[in-house]
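*Asks:* the sequence isn't on hand, but the structure is:
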């Protein structure tokens, strides 16, 4: 892991605070700020307020109660190097915490664009007539991919895990519900703002099989939602789409590109295209009830 850089972490904190503000309303509870999305879309998180002291367990419990009242997931995010005391407090307040490797792009090490195997890369275009179908397909790819992570430890047996992963393909992607008109309108506004962009891998035979999204605030951008349809894994789509997206962000004037990986195995995939680990992103949610 690279040495800690306080300037880097200050920039990341400002990014995390700034990114949701145009698309949400804000409630401050103790030392935490809760971002509440306005309109349809993936719900935001609660996190420590900029410059605040370590939140207390009471702060976390109060935010969790408010999230339940609003019908929101009880999720919290922070960077361990910036708020090291929050890990123990979050666990004491009944949260499970994922310690996700936090990686930053080394622009000099970024790999060049390379052809995709059995697919072509194209950018999600909010002006295109295919935009609603593209958004629906890319969200379905992400939903199926994250439901069966390639590097997750098996819950029952390796054979059962393999069957689950291989089961999700184009038919499952296309079986989901249609997006509402409001969801399409919001997505068009989001991607039309210039602060969000997505690159898709599209196969002539299978349609959209992989996706990656960049979200930007000023000159800092985060790569999120990197996902491959389970039936299309092992073709290098995730790493190459990440590299393509990072190159576009740099060309558009971003000078700090970062991402959080699900675990060390996933992090190694990103180091192959030019990212370097600098810290740990903490993502917390309520602990599962014992069986």
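*Replies:* Thanks, I have it. Owing to the predicted nature of the structure, the values given are computational and were not obtained by experimental measurement.
*Asks:* residue 59 and residue 34 touch, don't they?
*Replies:* No - proximity of residue 59 to residue 34 does not meet the contact threshold set by Cβ atoms under 8 Å, at 10.5 Å. Any C-beta I mention is one placed from the backbone N, CA and C, and that applies to glycine too.
*Asks:* which residues do these two both contact?
*Replies:* When Cβ atoms under 8 Å, 6 or more residues apart in numbering defines a contact, no residue borders residue 59 and residue 34 alike.
*Asks:* and residue 97, helix, strand or coil?
*Replies:* Look at residue 97: counting by DSSP: H, G, I helix; E, B strand; the rest coil, its state is strand.
*Asks:* check residue 244 too.
*Replies:* Look at residue 244: counting by three-state DSSP, its state is helix.
*Asks:* contacting residues around it?
*Replies:* 113, 121, 199, 212.
*Asks:* mind checking which of the residues you listed are buried?
*Replies:* 121, 199, 212 (16 or more other Cβ atoms under 10 Å).
*Asks:* just the element for the closest residue in space to residue 195 that isn't next to it in sequence, please.
*Replies:* Leaving aside its chain neighbours, residue 195 sits nearest to residue 216 (4.7 Å; criterion: Cβ to Cβ, 6 or more residues apart in numbering). Per DSSP states H and E: residue 216 is located in strand 207-217.
*Asks:* who are the packing partners of that strand?
*Replies:* helix 6-18, helix 131-147, helix 170-174, strand 196-203, strand 220-228, helix 237-251 (3 or more Cβ pairs under 8 Å, 6 or more residues apart in numbering; DSSP states H and E).
*Asks:* just the angle between it and strand 220-228, please?
*Replies:* 160 degrees (axes from the mean of the first three to the mean of the last three Cα atoms, to 10 degrees).
*Asks:* okay, the angle between strand 207-217 and strand 196-203?
*Replies:* 160 degrees.
*Asks:* sheet partners, orientation included, of strand 207-217?
*Replies:* Using DSSP bridges, the strands paired with strand 207-217 are strand 196-203 (antiparallel), strand 220-228 (antiparallel).
*Asks:* outline the domain layout of this structure.
*Replies:* 6-100, 108-273 (automatic domain parsing).
*Asks:* quickly, which of the ones you listed bottoms out on average pLDDT?
*Replies:* Lowest mean pLDDT within the domains of the chain: domain 108-273, a mean of 90.
*Asks:* gap between the two ends of that one?
*Replies:* 10 Å (Cα to Cα, to the nearest Å).
*Asks:* for residue 240, which of the strands paired with strand 207-217 is the nearest?
*Replies:* Judged by Cβ to Cβ, the one of those that comes nearest to residue 240 is strand 196-203, at 8.0 Å.
*Asks:* show me where the stretch 51-200 of the chain has its helices.
*Replies:* Using DSSP state H, counting those that start in this stretch, the helices of the stretch 51-200 of the chain run over 57-70, 86-92, 131-147, 158-167, 170-174, 181-192.
*Asks:* now those as CSV including distance to residue 283?
*Replies:* Output for the helices of the stretch 51-200 of the chain, formatted as CSV (distance: least, Cβ to Cβ, whole Å):
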stretch, distance to residue 283
helix 57-70, 14
helix 86-92, 10
helix 131-147, 13
helix 158-167, 22
helix 170-174, 25
helix 181-192, 22
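*Asks:* most tightly packed of those?
*Replies:* The highest average neighbour count among those, using mean count of other Cβ atoms under 10 Å, belongs to helix 131-147 at a mean of 20.
*Asks:* dump the domains of the chain into CSV; add distance to residue 279 as well.
*Replies:* Output for these, formatted as CSV (distance: least, Cβ to Cβ, whole Å):
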stretch, distance to residue 279
domain 6-100, 4
domain 108-273, 10
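*Asks:* and of these, who's closest to residue 286?
*Replies:* Closest of the domains of the chain to residue 286 is domain 6-100, at 5.2 Å (criterion: Cβ to Cβ).
*Asks:* run the chain-centre distance for that closest one.
*Replies:* Centroid displacement of domain 6-100 relative to its chain, using Cα atoms, centre = their mean, to the nearest Å, is 15 Å.
*Asks:* kindly check the end-to-end length of that domain for me.
*Replies:* Length of domain 6-100, first residue to last, Cα to Cα: 19 Å.
*Asks:* and residue 206, how far from residue 47?
*Replies:* Using Cβ to Cβ, to the nearest Å, one gets 38 Å for the distance from residue 206 to residue 47.
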